[in-house]
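**Student:** Got a predicted structure plus its sequence, pasted below:
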Amino acid sequence: MEAHFKFIEHGSAHWEKAVELREKILRIPLGARFTKEELAEEKDHFQLVGFINDELIATAVLVPEQRVLKMQRVVVKAAIRNLNIGSKMMAFCEVFARDKNYHSIYCHARDTAVDFYLKNSYKGEGDYFDEDGIPHLKMSKTL
Ligand SMILES: CC(C)(COP(=O)(O)OP(=O)(O)OC[C@H]1O[C@@H](n2cnc3c(N)ncnc32)[C@H](O)[C@@H]1OP(=O)(O)O)[C@@H](O)C(=O)NCCC(=O)NCCS
């Protein structure tokens, strides 16, 4: 069961499936959806997905900010967590970022995901803050 990762086009059928997966995991439990404006803004972002065979099982979005990438909307399908798929996706992002000469990646990690980022050598910065009613920590990794 090997996951493979690739970048996809904003607005493509795979992007729509990725939005569906991350909406189900990150937004619907909070009683929210991605807004049209949020999804439209993503046209300038790098859209990453993971597949096992033909099934889309993971996704993340990388937002370019000068020489730094913000990683957001990171999810792995619930039934196949803790199998290192998320960490492989982090490694894929890092190879991409180094190739493009970004010097670091950062994210706003939900408190429940902080250990996952620590395991992937991200470091916490500052204090927890509220985002969407959930405590978050800024975490970053210099490449
Ligand atoms: C966070 C997430 C992407 C990790 O994906 P994954 O494929 O399970 O990650 P991995 O298997 O590579 O690593 C899991 C490790 O992180 C740790 N971990 C910490 N917090 C975790 C969490 N909320 N969920 C899963 N694992 C977590 C596990 O203990 C595990 O460590 P171990 O391998 O030493 O036992 C996935 O759990 C997920 O989609 N969570 C819900 C969405 C979410 O919170 N996204 C991040 C928003 S900031």
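**Tutor:** Received it, and whenever you're ready, just let me know what you need.

**Student:** Can you give me the pLDDT of residue 1?
**Tutor:** Per-residue pLDDT puts residue 1 at 74.

**Student:** Wait, it touches residue 52, no?
**Tutor:** Yes - counting by Cβ atoms under 8 Å, residue 52 is a contact partner of residue 1 at 5.7 Å. For the C-beta atoms, the positions are set from N, CA and C on the backbone; glycine is no exception.

**Student:** Of the two, which one has the most company?
**Tutor:** residue 52 (16 against 8; other Cβ atoms under 10 Å).

**Student:** So the residue nearest to that one when sequence neighbours are not counted versus the ligand, what's the distance?
**Tutor:** Closest residue in space to residue 52, ignoring its immediate chain neighbours: residue 3 at 5.3 Å, by Cβ to Cβ, 6 or more residues apart in numbering. Distance from residue 3 to the ligand, counting by Cβ to the nearest ligand atom, to the nearest Å: 9 Å.

**Student:** Contact partners for residue 3?
**Tutor:** Contacts for residue 3 (Cβ atoms under 8 Å, 6 or more residues apart in numbering) come out as 50-52, 57-58, 85, 88-89.

**Student:** out of those residues, which are inside strands?
**Tutor:** Cross-referencing the contacts of residue 3 against strands under DSSP state E gives 50-52, 57-58.

**Student:** in stretch 3-18, what's buried?
**Tutor:** By 16 or more other Cβ atoms under 10 Å, the buried positions in stretch 3-18 come out as 3, 5, 8, 10, 14-15, 18.

**Student:** related to what we said a few turns ago, give me the buried entries from the ones in strands among the contacts of residue 3.
**Tutor:** In the ones in strands among the contacts of residue 3, the ones that pass as buried (16+ other Cβ under 10 Å) are 50, 52, 57-58.

**Student:** of all those residues, which two lie farthest apart?
**Tutor:** 52 and 58 (8.8 Å; Cβ to Cβ).

**Student:** Just give the nearest non-adjacent residue to the closest residue to the ligand within the chain, would you?
**Tutor:** Per Cβ to the nearest ligand atom, residue 86 is where the chain lies closest to the ligand, at 2.4 Å. Of all residues not flanking residue 86 in the chain, residue 76 sits nearest, at 4.8 Å (Cβ to Cβ, 6+ apart).
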